[in-house]
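1. mind looking at a prediction? Sequence and model below.
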Amino acid sequence: MASLNPISGVLGFQRAGHLLRRATFGPDISTINTFATMTVQDAIDALLQQDPEPPFPVDPMSGTDWVYPNTRHPDVFNDTLSRYTCSWWMENARASGANLTERMVWFYYTHFPMIMSRIESRPQFAVDYLRLLRYYALGNYKELTKALCIDNAMLIHLDGNLNIKSVPQENFAREFLELFTVGKGEEVGVGDYTTFTEQDVQMATRVLTGWGIDDTFQTVDAVTGIPTGKVKGTGTVSSQHDITSKQFSAAFNNTVIATSGIVGANAQVQAVYDELDEFIAMIFDSPYTARNICRRIYREFVYFDITPEIENDVIEPLANVLRANDYEIASVLEILLQSEHFYDEDTVPTNDDNIGAIIKSPMDLVIGTMRLFSLQVPDRTTDLEAHYQLYQNLIQELSSQGLEIFEPYDVAGHDPYFQLPDFQRYWISSNYLANRYKFIEHILVGISANGNELMRLDFVQFVRDNCSDPANATTLVQELVDWLLPITLSTDRFNYFRDAVLLDQLSEINWSVEWNNYMTTSNDTNVRLQLEALALAMMQSPEYQLY
Amino acid sequence: MKRRDFLRLTSLAGSGLLLNLNGIKLHAMEQNYFLNNLAKSSSNDRILVLIQLHGGNDGLNMVIPIDGYGHYYNYRPNIAIPQTGSRKYITLDPNLPGNRQVGLHPDMVAAKAMYDDGKMAIVQNVSYENMNGSHFRSRDIWYMGGDYNEYFSSGWMGRYLDHLYPGYPTGYPSSQVPDPLAIEIGTGVSLAFHRNEGIPMGLSVQDPNAFYNLINSVGGELPISLPDTHAGDEIEYIMQIERQSNNYAERLRDVYNAGTNSSTIYPDLYPFVAPSSAVSNPLAPQLKIVSRLISGGIGTKIFLCRIGGFDTHANQVVNNNTTMGGHAALLYHISSAVKAFYEDLGNLGLADRVLTMTFSEFGRRVASNASYGTDHGNAAPMLIFGTCLNPGVYGTNPDLLNLHNGNIPMQHDYRQVFSSVVKDWFGASDAAIEAVEFEDYIDNRVDYINCKELGLTELFKENLWLKCHPNPTTGKTTVTYFLRNNADVKIEVRDVNGRSLALIQKKDSAEGEHTLELDLSRFQNGMYIVALIINDNATVTQKVIVNR
């Protein structure tokens, strides 16, 4: 039986590594060591400290950001600013502290996906969308969902700004029910998906009529301080909101939502906001909403396969906790990440163990590798052009591995997060896998542009700085396995890395001599050959694709 | 993923060590098991090319109902294709009865030419019961081959291939089946090629040479024992994909390099003004690769190509000309690319082996919206291309006075269309059709295939077949055939005019499978026909191309 009871005692190195790989974009070695001495409760408390908001991205052409009241430089291209925004996002993920903030920003991006090219002519909207995800990263899922209903980027992405009373546009309402909140259940009748019906799609569409974007950035959310869309009309009276009452189905207890303040044939602006509140309250009253997001949380943090046992022992209790805490997302993260189930300690060892069972997204692979080795990137204040050049290169790496960042092929987002039956396994095709392996080669050789090296993994230096006894082949390989791979290796696999790759079937003494030679002469030619071969073998492997 | 690893793995396969390598069960009778199953299924050298129109195609602006034009116009005045003027719809065929009179979008000149040449059929109003308005679920259903309320973890193509080639990937590639069973042009593999368990039957490729270079430049040794955990399951999955890549990369490169495109020029750009994202033809380069692989002699049965941009909620047309815009460009791309594809295949002598069809997750709402677009709808037409069709329009124009919730109701279940592919085109046995779960649709399948596989072979309970491999060949080719009963057998090589060039009396004529090496190296480059003559009565033929 899967158990949500908390584990006890200090974490130790292995559990600390597991927790940090799942809760962040990956730890470096000193962070694992720090967490290894903590109790699980202290570790979770640390992970729930949100990162401070990072400074806005800067356009080198103007020397400043393009967030209101700043304006974009007149000569900069839209797609250039889009690229800077992606770079900014990746850099924030790379530089974030040992906490859940950026993991949850990524999680919410996969849950509420947005296609950047749809809003490209309004580049601040993408920045604001990311700010919103970050604001609520460890906050309230319900408040985030509500804010996204009237977020400028979302209003364009799912055509909400075209949804007017005479011509309803179902695009947003359908995805809202199917993906963002209650989720699609079993189809028990024509147009009846258990959790919602086609009637609810139409009614939700009408509730959401009359919103438009505000590209003057004058409408600002009082809580977040982030610009939002606005009600179309005069400022006090809506011009495009449907004021007829909205009758929902039995899935929502036949709730009727009516417009409370009407002037002539139109709604008061305040009434449109109130209707949104009422609608959100109804949606989050449905038990399906909490279950749906808890399943998504489980897939993000534990494993993709949700068995009836997991549904019963994990999802249902977490969903109850989430509702009892009015959708504060930290309430369930705290329980899940402390649980015996999370650490494979809930039963006698079985084949249900989940440590190391998540396939890295390309983002996890690229950013996680940079964090693991503490790779230096060109500084965003002193060397901005090179900084962007590096990330431009990394965006290409992600793309070749099957992640078009901010450009999912489907409005539902990236396949591995929703596509049955294989979920995360969609990250692995022949091409994607080979390009994941290629990335490791690229960082060992060094990523360059115009003859300037932008980032490189110096594996010899890494070993020298971190390994306790690099001259000892067994200790060296054991430490690298502990740091790089999420699972315990079988003896034959360990021996393969040590004997066949590092030692090239020669004696351990030979390696000690080579290493000590390097320490005395500073000539790293010989050890570099063997260590880089070891790095390739360990990271161009199925095991390194997992966390 | 280096070459030496591939060799190592294949050499181990024969010794039984593979059993310990990855936990896949090896059958003691692996080779025979495979051949028996192959023989039980029917098999030929025909190919299906599927073109997925991603996002939900507006069928009503592709195939315009002429008899209901007034209603059509009234539902969607801001996007309706006009009836007059220089950019009016193209009347497909004035000889069709009134309720089948349709017009094509004015940018589908190439499709009209295909139709006039007897190479295009249209199946109207295709959908499934209780159309699901979700892109994702609906696309899954088309791939799955199930009902609206069924949830299969496999696709119908995956199940068909799984039946033909059981046990995959164990034992593949083999000398009889050297090629990937299905290829998706792109970089990921969709649900289409998934079967009930294990890795997908299909492989994704963008450019075979780049694919080979990529696969062969990375990777190391794989683990040989796995933990009994979910992590072990994931490692095994990744390892199988890695092996599959190794196994096919070199073969694909060789086939691709051995193949050639003819002098046909594939279309590149939309010749009119369109949004920048719609100007380049994304389909033509995909079809060009498929053509070249076929000409190189690939044995792959199914190719899946994709073209996106059909989710036209807004700005489907431009606001001052309903015949222009993103959707128009897409329709141009499809019809011009497919026409070039068949010209190319025709020049190569391969067109008769290839059937091509379009499909999309759903059609769109009959009424347009205020943003010059259309919302998710229901039934829509499918276009079918090939040289051996019964050309025409199947089904009648939608009755626009009797819509269901503003949508066109279904006239044909999508499985009625796909059943014809499985049964008439591939010549699948009843057992194969049951494996695909299409048995309920066979009797009502849409009869658009002219060259039915079973017309002749039913004499032999659909178990008579003939294959030549490689084909095209530089000289030698292996003829493989299967007899259900003992029979007198002759094999004849003919030229395209039917003149006999060589006659081989074959002694070996017992029930079962036989192979024969045929040396055509003394013949000129060109097309020849290998005929299997049974009891001086029934003849099965296979075109073979000699190309040095």
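-> That came through fine.

2. mind listing what residue 134 touches?
-> Assuming you mean chain A. Residue A:134 makes contact with A:51, A:53, A:92, A:101, A:105, according to C-beta atoms under 8 Å, 6 or more residues apart in numbering or on different chains. The C-beta positions use only the backbone N, C-alpha and C, and glycine is treated the same way.

3. think we crossed wires, I meant chain B
-> A:174, A:178, A:184.

4. which SS state does the last one fall under?
-> Three states are possible here, and by DSSP: H, G, I helix; E, B strand; the rest coil the one that applies to residue A:184 is coil.

5. that older thread, any chance of a PyMOL selection covering the buried ones in the contacts of residue A:134?
-> The following PyMOL line selects those of these that are buried, judged by 16 or more other C-beta atoms under 10 Å in any protein chain shown:
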select buried, chain A and resi 51+92+101+105
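
6. closest one of the contacts of residue A:134 to chain B?
-> Closest to chain B out of the contacts of residue A:134 is residue A:105 (23.6 Å), distances taken as C-beta to the nearest C-beta.

7. is it true that the closest one touches residue A:138?
-> No. The criterion here is C-beta atoms under 8 Å, and residue A:105 misses it with residue A:138 at 10.0 Å.

8. now the closest residue to chain B within the stretch 51-200 of chain A: how far from residue B:80?
-> The nearest approach of the stretch 51-200 of chain A to chain B comes at residue A:167, 4.1 Å away (C-beta to the nearest C-beta). Distance, residue A:167 to residue B:80, by C-beta to C-beta, to the nearest Å: 16 Å.

9. on that earlier part again, mind putting the contacts of residue B:134 into TSV with pLDDT and neighbour count?
-> Compiled in TSV, these are given as follows (pLDDT from 0 to 100; neighbours: other C-beta atoms under 10 Å in any protein chain shown):
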residue	pLDDT	neighbour count
A:174	94	25
A:178	94	25
A:184	92	19
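
10. which of those residues come close to chain B?
-> A:174, A:178, A:184 (C-beta under 8 Å from any C-beta of the partner chain).

11. give me the element the residue nearest to residue A:161 when sequence neighbours are not counted is part of.
-> Once flanking residues are discounted, residue A:161 sits nearest to residue A:155: 4.4 Å by C-beta to C-beta, 6 or more residues apart in numbering or on different chains. Element membership for residue A:155, per DSSP states H and E: helix A:152-157.

12. distance from that helix to the middle of the chain?
-> 20 Å (C-alpha atoms, centre = their mean, to the nearest Å).

13. which element follows it toward the C-terminus?
-> Next along from helix A:152-157, by DSSP H and E: helix A:171-175.

14. which helices and strands sit right next to that next one?
-> Contacts defined by 3 or more C-beta pairs under 8 Å, 6 or more residues apart in numbering or on different chains; DSSP states H and E place helix A:171-175 against helix A:198-207.

15. mind redoing it with 10 Å?
-> helix A:141-149, helix A:152-157, helix A:198-207, helix B:135-144 (3 or more C-beta pairs under 10 Å, 6 or more residues apart in numbering or on different chains; DSSP states H and E).

16. out of those, which is closest to residue A:294?
-> For the helices and strands packed on helix A:171-175, the distance to residue A:294 is smallest for helix A:141-149, at 10.2 Å, taking C-beta to C-beta.

17. how long is stretch B:293-305 end to end?
-> 14 Å (C-alpha to C-alpha, to the nearest Å).

18. does residue B:73 touch residue B:66 like I think?
-> No. In this structure residue B:73 lies outside contact range of residue B:66 using C-beta atoms under 10 Å: 11.4 Å.

19. so for those two, which sits in the more crowded spot?
-> residue B:66 (20 against 15; other C-beta atoms under 10 Å in any protein chain shown).

20. quick one: end-to-end distance for stretch B:388-408.
-> The stretch stretch B:388-408 measures 30 Å between its terminal residues, going by C-alpha to C-alpha.

21. repeat for stretch A:176-190
-> Per C-alpha to C-alpha, stretch A:176-190 runs 20 Å from first to last residue.

22. any buried residues in that stretch, and which?
-> Counting neighbours by 16+ other C-beta under 10 Å, one finds that the buried residues in stretch A:176-190 are A:176-185, A:187.

23. stretch B:315-335 now?
-> B:315-318, B:322-335.

24. circling back: mind listing the shared neighbours of residue B:73 and residue B:66?
-> residue B:83 (C-beta atoms under 10 Å, 6 or more residues apart in numbering or on different chains).

25. in contact with the residue nearest to residue A:161, which residues?
-> A:119, A:125, A:148-149, A:161-163, A:172, A:208, A:211-214, A:228-230.

26. try 7 Å
-> Neighbour list for residue A:155: A:161, A:211-213, A:229 [criterion: C-beta atoms under 7 Å, 6 or more residues apart in numbering or on different chains].

27. select, from those residues, the two members most distant in space.
-> Maximum distance among those (C-beta to C-beta): 8.3 Å, for A:211 and A:213.

28. more neighbours, the two?
-> residue A:211 (27 against 23).

29. that one and residue A:228 touch, don't they?
-> No. With contact defined as C-beta atoms under 7 Å, residue A:211 and residue A:228 do not form a contacting pair (9.3 Å).

30. overlap in contacts, those two.
-> With C-beta under 7 Å, 6+ apart, residue A:211 and residue A:228 have common neighbours residue A:150.

31. up against chain B, what does the stretch 251-400 of chain A have?
-> The interface of the stretch 251-400 of chain A toward chain B, taken as C-beta under 7 Å from any C-beta of the partner chain, is made up of A:303, A:351-357, A:359.

32. you'd agree residue B:158 is in a helix?
-> Yes. Assessed by three-state DSSP, residue B:158 belongs to a helix.

33. okay, the residue nearest the centre of chain A: pLDDT?
-> The residue lying closest to the centre of chain A (C-alpha atoms, centre = their mean) is residue A:106, at 1.8 Å. Looking at residue A:106, its pLDDT reads 98.

34. distance from stretch A:48-56 to the middle of the chain?
-> Averaging C-alpha positions (C-alpha atoms, centre = their mean) puts stretch A:48-56 15 Å from its chain's average.

35. which stretches of chain A aren't confidently modelled?
-> A:347-351 (pLDDT under 70).

36. show me what from the stretch 301-450 of chain B comes close to chain A.
-> Close to chain A, as judged by C-beta under 7 Å from any C-beta, the stretch 301-450 of chain B has residues B:308, B:313-314, B:369-371, B:375.

37. what about the nearest residue to residue B:145 once chain neighbours are set aside, distance to residue B:367?
-> In space, and not counting its chain neighbours, residue B:145 is closest to residue B:156: 3.0 Å by C-beta to C-beta, 6+ apart. Per C-beta to C-beta, residue B:156 is found 33 Å from residue B:367.

38. ok, the two, which is more surrounded?
-> Neighbour count, other C-beta under 10 Å: between residue B:156 and residue B:367, residue B:156 has more, with 25 against 17.

39. thought the more buried one was touching residue B:432?
-> No. Counting by C-beta under 7 Å, residue B:156 does not reach residue B:432; the two are 11.1 Å apart.

40. neighbour-wise, which of residue A:167 and residue B:80 wins?
-> Between residue A:167 and residue B:80, counted using other C-beta under 10 Å, residue B:80 has the larger neighbour count: 20 against 15.
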